[in-house]
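Novice: quick one, structure for this:
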Amino acid sequence: MLRRIEVMPPFQTAILTVQSYASEATYLAGAGLVWNSQVQMPLSLLDGTLCDIAEAWLASNEESPFVGGMIAPDKSQTLDAAKTRAWSRIKAARTMVEFSDFTCAGAIYQADKDRITGATQLALLAQVADQPYSIDWTLSDNSTVTLDAADMIAVGAALGAHVTGAFCIARTLRDQIAAATSIEQVDAIQWPVSVAA
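Specialist: Just a heads-up that it's a prediction; the model follows:
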């Protein structure tokens with residue numbers, strides 16, 4: 001049974017907490033765990049919800065110690081437990097989006113908060129002091145662009161909007177989770193998928 005998914009920067013792997021039982025029947029009968037383990041899953045090919053991807057990878061990928069196994073749904077869930085699990089899933093998705101690439105003036109930037117915040121502050125100081133400012137910035141595709149103070153400040157503002165957008169979506173989904181009256185309603189609450197044009 002997949003109990004937890006943790007994804008942290010730099011978002012190349014997810015840590016899956018898995019509880020393993022001898023069979024679904026022994027699990028439903030209340031038998032003890034056979035194995036409680038954490039497994040690293042690569043995030044190179046994301047196609048679908050993170051939970052679905054993790055479950056498919058655990059049961060079918062040859063790198064998984066559970067290949068050939070079956071994911072047993074947690075049929076002992078209460079509504080409160082389902083809400084807790086859903087909020088954890090939404091927070092993990094929010095973190096992935098928060099640190100994902102973002103666009104400013106047609107260029108794609110990595111969401112490196114520390115570097116962008118520092119460079120934006122230096123650009124603001126230069127602008128206030130009426131001093132020239134220029135920085136060569138490496139974009140997400142490893143090309144470079146030269147930014148002046150106004151450009152760098154715009155990148156900082158775009159990053160702020162990107163992060164704020166992720167938190168707004170998460171807050172809306174948290175309200176939906178809180179208002180849900182059934183496990184089915186909770187399970188239907190998913191992070192919206194962005195499709196590139």
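
Novice: rest of the way, CA atoms for contacts and neighbours
Specialist: Will do.

Novice: which stretches of this structure form helices?
Specialist: 24-28, 50-60, 79-98, 113-128, 149-179, 183-187 (DSSP state H).

Novice: in JSON lines, list those helices along with mean pLDDT and mean neighbour count.
Specialist: Output for the helices of the chain, formatted as JSON lines (pLDDT from 0 to 100; neighbours: other C-alpha atoms under 10 Å):
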{"stretch": "helix 24-28", "mean pLDDT": "66", "mean neighbour count": "15"}
{"stretch": "helix 50-60", "mean pLDDT": "72", "mean neighbour count": "17"}
{"stretch": "helix 79-98", "mean pLDDT": "86", "mean neighbour count": "19"}
{"stretch": "helix 113-128", "mean pLDDT": "96", "mean neighbour count": "16"}
{"stretch": "helix 149-179", "mean pLDDT": "97", "mean neighbour count": "17"}
{"stretch": "helix 183-187", "mean pLDDT": "92", "mean neighbour count": "16"}
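
Novice: kindly reformat the ones you listed as JSON lines containing distance to C104.
Specialist: JSON lines is the format used below for these (distance: least, C-alpha to C-alpha, whole Å):
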{"stretch": "helix 24-28", "distance to C104": "50"}
{"stretch": "helix 50-60", "distance to C104": "27"}
{"stretch": "helix 79-98", "distance to C104": "15"}
{"stretch": "helix 113-128", "distance to C104": "12"}
{"stretch": "helix 149-179", "distance to C104": "6"}
{"stretch": "helix 183-187", "distance to C104": "34"}
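
Novice: nearest approach to V34 belongs to which of those helices?
Specialist: With C-alpha to C-alpha as the criterion, V34 lies closest to helix 24-28 of the helices of the chain, at 9.9 Å.

Novice: sorry, back to before: ok, which of the helices of the chain comes nearest V39?
Specialist: Of those, nearest to V39 by C-alpha to C-alpha is helix 50-60, at 8.8 Å.

Novice: chain center to the closest one, what's the gap?
Specialist: Centroid displacement of helix 50-60 relative to its chain, using C-alpha atoms, centre = their mean, to the nearest Å, is 15 Å.

Novice: and the helices of the chain: which comes nearest V67?
Specialist: Going by C-alpha to C-alpha, the one of the helices of the chain nearest V67 is helix 50-60, 4.5 Å.

Novice: export only the CA atoms of that closest one, formatted as CSV.
Specialist: Extracted C-alpha coordinates of helix 50-60, given in CSV (Å, rounded to 0.1, in the frame of the first residue of the first chain):
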residue,chain,number,x,y,z
LEU,A,50,1.7,11.6,-9.0
CYS,A,51,-0.1,9.0,-7.0
ASP,A,52,-1.1,7.1,-10.2
ILE,A,53,2.5,7.3,-11.5
ALA,A,54,3.9,6.0,-8.2
GLU,A,55,1.5,3.1,-8.0
ALA,A,56,2.2,2.1,-11.6
TRP,A,57,5.9,2.4,-11.1
LEU,A,58,5.9,0.3,-7.9
ALA,A,59,4.0,-2.6,-9.5
SER,A,60,5.6,-2.6,-13.0
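
Novice: so that helix versus helix 79-98, what angle?
Specialist: Angle between the axes of helix 50-60 and helix 79-98 is 100 degrees (criterion: axes from the mean of the first three to the mean of the last three C-alpha atoms, to 10 degrees).
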